[in-house]
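Enquirer: model this:
(4 chains)
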2 protein chains.
Amino acid sequence: MESLKTITVLFRAYNSLEKIIRKDISQYGLNVNEFGVLEVLFHRDTLTVKEVIDKVLAPNSSISYTIESLVRKSLIEKVQSIEDRRVFYLRLSKKGKDLMNKIFPIHKNNMRQILDVLAENEELILQRALVKIGKTSLEGIEKNEI
Amino acid sequence: MESLKTITVLFRAYNSLEKIIRKDISQYGLNVNEFGVLEVLFHRDTLTVKEVIDKVLAPNSSISYTIESLVRKSLIEKVQSIEDRRVFYLRLSKKGKDLMNKIFPIHKNNMRQILDVLAENEELILQRALVKIGKTSLEGIEKNEI
DNA sequence: TGATAATATTTCGAATTCGAAATATAATAT
DNA sequence: ATATTATATTTCGAATTCGAAATATTATCA
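Expert: Numbers count the residues shown, from 1 in each chain, chains lettered A, B, ... in the order given. Below you'll find the model as predicted:
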């Protein structure tokens, strides 16, 4: 392959999805990063700040701000680790869980509706390809190569 | 399919690519939107503001700001249409062309290096799938359905 | 032990990006 | 021809996001 069409369509797909999500969740007073953090905690229960940062892939300063904001809104709880006091554990509060139990199914429905233009097999290949790209570029970032 | 894994990996892939691009082009004093606009004009010669907005998929206010900034940097030229004076045409200046002729091949190389983890066939399927997703979600945005 | 390096997280000011409303112009309908 | 609607673009203030440096704590090593 020669062109960057893949990058172009990836960016376009991302941007339109993001636009939908942004609009969808703004009615609950959430922005995209906030929703991302909530979603990660919704599925994984307790995580450290670092783990959340690694999953969401946004800069640590942004996530730090986001977490602050979610704590202020009482949607998550933040507890300092006793063994290693650099570390803070995060988890959804009752309020946060309730919100996500309400929002997430709707969100999931919206997203699945879009994804269902793909055949099951197609979606699987898409997933695998995206994972590969994600991994490869992450390596580039870490090794500072690119 | 049931889960939203596809969305997750799409967002991760996007975020790591964006991080690389951001870093890559910041050495030329450009941000991602600026580069996006330059890239579009690099390939299409003359476009209106609206056409650029539709291609980049960022909010018109953001692109307006970006265009302003590129004009200030003398990287693009902006000319009002005579037939329809609501419309402004955009194109790269000499300086902008020179910059892109220098930057783009490097950028392309970096991106292709990442994409080349995929087999040709895999990349083609990825492209098609992403186009479908992009289109479907765009329809959702326009019809205000989701 | 004390110094140095590594890791986790936050702070800070600047830059970017956003959505909504405003402006400018053109197209359509009455 | 005038009013209304539609389209293209910008303005504006607020919110978000960024990168770099700072802080806090732990691990390593001389």
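Enquirer: per-residue confidence, residue A:144, what does it come out as?
Expert: On the pLDDT scale, residue A:144 is placed at 60.
Enquirer: cool, residue A:141 as well?
Expert: Confidence for residue A:141, expressed as pLDDT, is 75.
Enquirer: and whichever helix or strand it is part of, what does it pack against?
Expert: Secondary structure assignment for residue A:141, by DSSP states H and E: helix A:120-143. Counting contacts by 3 or more CB pairs under 8 Å, 6 or more residues apart in numbering or on different chains; DSSP states H and E, helix A:120-143 is packed against helix B:5-26, helix B:94-115, helix B:120-143. C-beta coordinates here come from the backbone N, C-alpha and C atoms, glycine included.
Enquirer: okay, those helices, which one's buried deepest?
Expert: For the helices and strands packed on helix A:120-143, the largest average neighbour count (mean count of other CB atoms under 10 Å in any protein chain shown) is found in helix B:5-26, namely a mean of 19.
Enquirer: and that helix, how far out from the chain's middle?
Expert: 13 Å (CA atoms, centre = their mean, to the nearest Å).
Enquirer: and it with DNA strand D, contact?
Expert: Yes - Helix B:5-26 comes into contact with DNA strand D (CB under 7 Å from any atom of the strand), by way of B:19, B:22, B:23, B:26.
Enquirer: keep only these that also lie close to chain A.
Expert: B:19, B:23 (CB under 8 Å from any CB of the partner chain).
Enquirer: now render the residues of helix B:5-26 next to DNA strand D as TSV, adding pLDDT.
Expert: Converted to TSV, these look like this (pLDDT from 0 to 100):
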residue	pLDDT
B:19	93
B:22	94
B:23	91
B:26	94
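Enquirer: what would the residues of helix B:5-26 next to DNA strand D look like in JSON lines with distance to residue B:89?
Expert: Shown next, in JSON lines, are these (distance: CB to CB, whole Å):
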{"residue": "B:19", "distance to residue B:89": "33"}
{"residue": "B:22", "distance to residue B:89": "28"}
{"residue": "B:23", "distance to residue B:89": "32"}
{"residue": "B:26", "distance to residue B:89": "28"}
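Enquirer: for residue A:113, state which of the residues of helix B:5-26 next to DNA strand D is nearest.
Expert: residue B:19 (29.4 Å; CB to CB).
Enquirer: tell me the contacts of the closest one?
Expert: A:57, A:137, A:141 (CB atoms under 8 Å, 6 or more residues apart in numbering or on different chains).
Enquirer: again, but for residue A:57
Expert: B:11, B:12, B:15, B:16, B:19.
Enquirer: residue A:131 and DNA strand D: what is the separation?
Expert: Residue A:131 is 21 Å from DNA strand D, where distance means CB to the nearest atom of the strand, to the nearest Å.
Enquirer: contact partners for that residue?
Expert: B:9, B:13.
Enquirer: again, 10 Å this time
Expert: By CB atoms under 10 Å, 6 or more residues apart in numbering or on different chains, the contact set of residue A:131 is B:5, B:8, B:9, B:12, B:13.
Enquirer: which stretches of chain A have low pLDDT?
Expert: Residues of chain A meeting the criterion pLDDT under 70: A:143-146.
Enquirer: contact residues of it facing DNA strand C?
Expert: A:19, A:22-23, A:26, A:48-51, A:53, A:60-61, A:63-65, A:67-68, A:78, A:84, A:86-88.
Enquirer: mind telling me what element the residue nearest in space to the middle of chain A is part of?
Expert: Centroid-nearest residue in chain A: residue A:36, 3.6 Å away (criterion: CA atoms, centre = their mean). Element membership for residue A:36, per DSSP H and E: helix A:32-44.
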